[in-house]
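[1] Based on what follows, work out the 3D shape:
(chains A, B and C)
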Amino acid sequence: MKNGTTLLLLAALVLAGAACLTFWEGGSVTATAASLEATDSGAPSAMVIFPVGEKANPAGAGLKPVAFNHLVHEKRVEDCASCHHTGDTVSCTTCHTVSGSADGKFVTLAEAMHSPRIAKRPEGTNTPQSCVSCHAQRLRERDCAGCHAIVKPARDESWCVTCHNVDVTAEQRRQGSEGTLAPEENEALAAKAVEAKKTATPLSPAKGPLKVTIDAISQQYEPNVFAHRRHMSSLMEAIKDDKLAQAFHTRPETLCAACHHNSPMSSTPPACGNCHKPNIDPAHPERPHLKAAYHLQCMGCHAGMNVARPVNTSCVSCHKERAPQR
Amino acid sequence: MNRRKFLTILGTAGVASAMSTARVAEAGGGVHMFPYWENSYGVLHDTTRCIGCRRCEEGCNKVNNLPKPKKPFADLTVCNTRRRTSAYEWTVVNKYSVDGKPVFRKLQCFHCNDPACAAACFAKCFSKNADGSVTYDGTQCVGCRYCMIACPFYMPGFQYDEAFDPLVQKCTFCAPRLKEGKLPGCVEACPMDALTFGRRSDLIKLARARIKDHPDKYLDYIYGEWDAGGTAWMVLGPKASTPPPAGSHGDGEMKALGLDTQIGNRPVAELTYGALGAVPMIVAFWPVLFGGAYAMTKRKEAIHKAEQEAVEKQAKDDVTTALDAAVRKIEETQGQPAADAARKAMTEALKSREALDSCHASSDHGEGK
Amino acid sequence: MHSHAIVIPTRDKLFNMGEFFRMSPGNIITAILLGIGLILTIMRFTMGIGAVSNLSDNQPWGMWIGFDLLCGVCLAAGGYFTTVACYVMGMKHFHSAVRPAVTTAFLGYLFVVIALLYDLGHPLRLPYMFFFPGTTSVLFEVGLCVATYLTVLFVEFSVAPMEWLAQKFPFLLQWRKFINKCTIILTIFGVTLSTLHQSSLGSLYLIAPGKLHPLWYSAFMPMFFFVSSMAAGGSMVIFEGMFAHKGVHHYMDSTHLREADEVVFSFAKAVSLILFGYFLLKLTDMFVQDNMHHLLSGYGAWWLVEMFGFVLLPCLLYAKGSRERNIKLCRFAAANTVIGIVLNRFNVSMIAFNYALPSSERYFPHIMEIFISMFVVTMIVTAYRFIVYHMPVLYEHPDFKDAH
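    The predicted model follows:
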């Protein structure tokens, strides 16, 4: 009996808890939406972009819909027309449907979002931008250009899910694709995804070596002593508040991979000489030899970041002339 | 030393296999092609990597034992003046400007697949080799310098200062070094891998891959892939954000690097083949033409002569008939002796006139109309 | 025959060098030029080409090729032009013009080869082209044809020295007899070879489309060179006749003098037609190649000067001169044409060549180069005078009257 009462109590508690949870979850929808900072323009702070299309299950439906953080992007652009290129602040999917529509000049949703290079429109007309082309422009700015001049972001699955990250039910997806999902529910979903997005904490520069002595191939010059930690921290400092970097640098080691490229990401990456041999490998003529690899990496980054000094051709700036040997 | 050994082994294997497998590629469509070696080597010059350090010039100078230049190789200001290759500098690095930024390009013999110099040489000094190099044998050079006229890239230099054994000099692709399995001097010296040595076919793939990976960085044009019929040394150029105004694709950007994209995609020597092909035709046909003209002239002269003779004979006959008639008349009226005298007088008069005529004719000689 | 005291060498007095040692202005200038030339020759062959010329890696062919070779060969075209007119076309009244024309042609070609020795880095290796024949080369064709044609011209010309030397060595008469029988074969052989190498001189530049200005570069350059060489040949006969009448008038016999004017008018008419054809060819080529827009540039103006001032103008002057039988006008037109041809060859080889290079890398001949070219011309004139003073070129030898 005593056990029975306990059991009942427990069951009641569970039920109550479940009910409470359900209620809280349902009630929290609006609560969280309100929790996001409001935009200046009055547009929703975040919204889900569904694959709107005539067909029930259009191509590309395998991916999750995208939560678009309107707030963050709004702060980075000049005016609404930067993205709403027609001047009309309607949703992208109004014209750009999955299979394309006459209104959107048959530019599909996927193209409108991903097209890497868009031909310049004539003077006086607004050249549209896709998410990808706009981000690529950002990568050419000084803070990013150093690494991104030499490293091209891998376009793999983790790249896709950086944006395609909203968990929806089949019903919500159907409604969203038909355009019948209630705006509140849409915003709630988006806000949830935005809140849930985790940013990776980059590895601390202190984890890496303070200095690295590069002496594998030193002949004419003394070995170069590379201030590893100083370079790392200055790169991190430059982008520490950058939302785009935070969004896309999804792993603690992402920044390391700029130099320690092509090998699987790791906090203890293999040395350059593992792949870059002192001489050209006839099997891989495309792979720079070790000396060139160092120079291309250092000078490529410096050129990208407009580092005026040292001058590329000033050898002794980086490695001291070796005293002539007997 | 280790490095050299390593290269020697690798390179020898590579060159040896190239030699053994090299064969004349089947020319498509029956178009004339200079023997073009399928597995030949080449070098890709990526100007976006070049920093203008002149190490390649120094390397070239060293391995080829060329005379030391007046200004040391460490003096990088010489890149600012427009230089060309010469008999004593087989490669030079020049500075160009794209988008206001300096771009360096190394100049040397392009080692054409079908070299104009080789086609132009009338003493067969140049040869295109299986390893891709175009080499020159000075022992039979006459010193006419037609190769220098022919080269569309202004590459060969001549030893004008040499009185007794002046020769044409140009980059050899370090052919002797290739045979030893070593890299060309400049390639070995390049600290930026701006010069990539490899099989030409691989280099084209490599260049395409670079263009594809960095469409904003590279101009979508591999200079030398087709230019002048294809060259062993090829150049990648940077893409300008505002392409210079020019006709077709890539022209302006390449021109900014001093590269001529108007040479065409056929070997320039082919431009002379039409004229050379006409030679046997002229040799065969001209004698017929002029021989015919001569025969016609002769025939005309013969006809003219025959006609002349006929006319003369007729005239003579007429005179004889007239003379006979006159004599007969005299005989009828004055009797035989008078007739005989008259005949004698008239014949003599005719004879003297003929003699006068023939004299005239001989002095008129040459003006015969 | 009224011979106005032509000095005809005899068995005892085979040489007639007195003319060279008179203190006339011509002889003095000749001596000076020959002296300078000798010094420069020594310099050239002991110090290298660079010491006496402005030739460079960008401009490997300059004055010596542009003038001595291109113009020399072209202006020596009188040989084939006259022999064909006389022997093949049967214009017998040109007969007295044949020997002078053949003589100048022979001298022209001989000195082209001599001048070439200055330009070649390895002059002694010139025959290498026969041992290592580069058959893909236009220059090989030129070399082969010039060598063969020089031989043909030598054979054609050899009749004159034979007649001279036969005074002392009568056995040479056999040779003379033999050559006279071969005249027509030699003539046809000569015109074939001339066609080939005159046009090939144009083909030489076909290989450099990027270097030669489009107004001059054309796939039809071989044809232009050949057609213009005919005009040059005819004009040169008139042009050098003019000087011969001034300088060596007293070596001309009455036949020569009588026929000379007729030769001038006939040639004037022919060259007028050829020049007009050449003008149309060049004009058509300019339109076909769509080069109209180039006419507005500096090179375009220069091209127009060449075409109108040195092709169309002499063409019209010739036409007028031959119609009105105005010998002075014809001679003026001949000089005009000759200058025009030289100008054209200079344009192709020097002025419009490397047109795209900055002016600092362009070529202007060194004074010593020009002097060497002048030296060569002086040598031709001197050799011509020697021949005229000794051999029956401008007159018919009394021993061989009417032998042709």
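[2] so how many other residues sit close to residue C:301?
    Applying other C-beta atoms under 10 Å in any protein chain shown, we find 11 residues neighbouring residue C:301. Every residue, glycine included, has its C-beta placed from N, CA and C.
[3] show me the contacts for it.
    Applying C-beta atoms under 8 Å, 6 or more residues apart in numbering or on different chains, we find residue C:301 in contact with residue C:295.
[4] And it, how far from chain A?
    In this structure, residue C:301 lies at 38 Å from chain A, with C-beta to the nearest C-beta, to the nearest Å as the measure.
[5] For chain B, tell me whether the top helix by length along chain C is touching it.
    For chain C, the helix with the greatest residue count under DSSP state H is helix C:254-288. Yes: using C-beta under 8 Å from any C-beta of the partner chain, helix C:254-288 comes into contact with chain B via C:255, C:259.
[6] List the residues that contact the spatially closest residue to residue A:209 that is not a sequence neighbour.
    Here the nearest residue to residue A:209 in space, its sequence neighbours aside, is residue A:228; by C-beta to C-beta, 6 or more residues apart in numbering or on different chains that works out to 5.0 Å. Applying C-beta under 8 Å, 6+ apart to residue A:228 gives the contacts A:208-212.
[7] What degree of burial does residue C:223 show, as a neighbour count?
    Neighbour count of residue C:223, defined by other C-beta under 10 Å: 18.
[8] Repeat that for the one 5 residues further on.
    Residues lying near residue C:228 (other C-beta under 10 Å) number 25.
[9] so which strand or helix has residue B:237?
    Following DSSP states H and E, one finds residue B:237 within strand B:233-238.
[10] so does the next helix or strand after that strand get close to chain C?
    Per DSSP H and E, strand B:233-238 leads on to helix B:251-256 as the next helix or strand towards the C-terminus. No: Helix B:251-256 lies out of reach of chain C by C-beta under 8 Å from any C-beta, never closer than 10.4 Å.
[11] just the helices in the stretch 201-326 of chain A please.
    All helices of the stretch 201-326 of chain A, identified by DSSP state H, counting those that start in this stretch, fall at A:228-239, A:243-248, A:290-304.
[12] Only C-alpha atoms, please: export whichever helix or strand comes after the longest helix of chain C in PDB.
    Sequence-wise, the next helix or strand downstream of helix C:254-288 (DSSP H and E) is helix C:298-304. In PDB, the C-alpha atoms belonging to helix C:298-304 read as follows (Å, rounded to 0.1, in the frame of the first residue of the first chain):
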ATOM      1  CA  GLY C 298      51.700  57.600 -87.800                       C
ATOM      2  CA  TYR C 299      52.600  54.400 -89.600                       C
ATOM      3  CA  GLY C 300      49.400  54.700 -91.700                       C
ATOM      4  CA  ALA C 301      50.500  58.200 -92.900                       C
ATOM      5  CA  TRP C 302      54.000  56.700 -93.700                       C
ATOM      6  CA  TRP C 303      52.300  53.900 -95.600                       C
ATOM      7  CA  LEU C 304      50.300  56.400 -97.600                       C
END
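[13] Name the residues of helix C:298-304 that are buried.
    Taking 16 or more other C-beta atoms under 10 Å in any protein chain shown as the basis for neighbour counts, the residues of helix C:298-304 that come out buried are C:299-300, C:302-303.
[14] Tell me which two in those are the farthest apart.
    Between all members of these, the longest pairwise span (C-beta to C-beta) is found for C:300 and C:302 and amounts to 7.2 Å.
[15] do you know how far the residue in the stretch 101-250 of chain C that chain B sits nearest to is from residue B:65?
    Across the stretch 101-250 of chain C, the shortest distance to chain B (C-beta to the nearest C-beta) belongs to residue C:121, at 2.0 Å. As judged by C-beta to C-beta, to the nearest Å, residue C:121 and residue B:65 stand 21 Å apart.
[16] now do residue C:243
    If you go by C-beta to C-beta, the gap between residue C:243 and residue B:65 works out to 55 Å.
[17] Out of these two, name the residue with the larger neighbour count.
    A side-by-side neighbour count of residue C:243 and residue B:65, using other C-beta under 10 Å, places residue C:243 first with 12 against 6.
[18] Does that one lie in a helix or a strand, and which?
    Once you assign secondary structure using DSSP H and E, residue C:243 falls within helix C:221-247.
[19] what's the answer for residue B:105, then?
    For residue B:105, the enclosing helix or strand under DSSP H and E is strand B:101-107.
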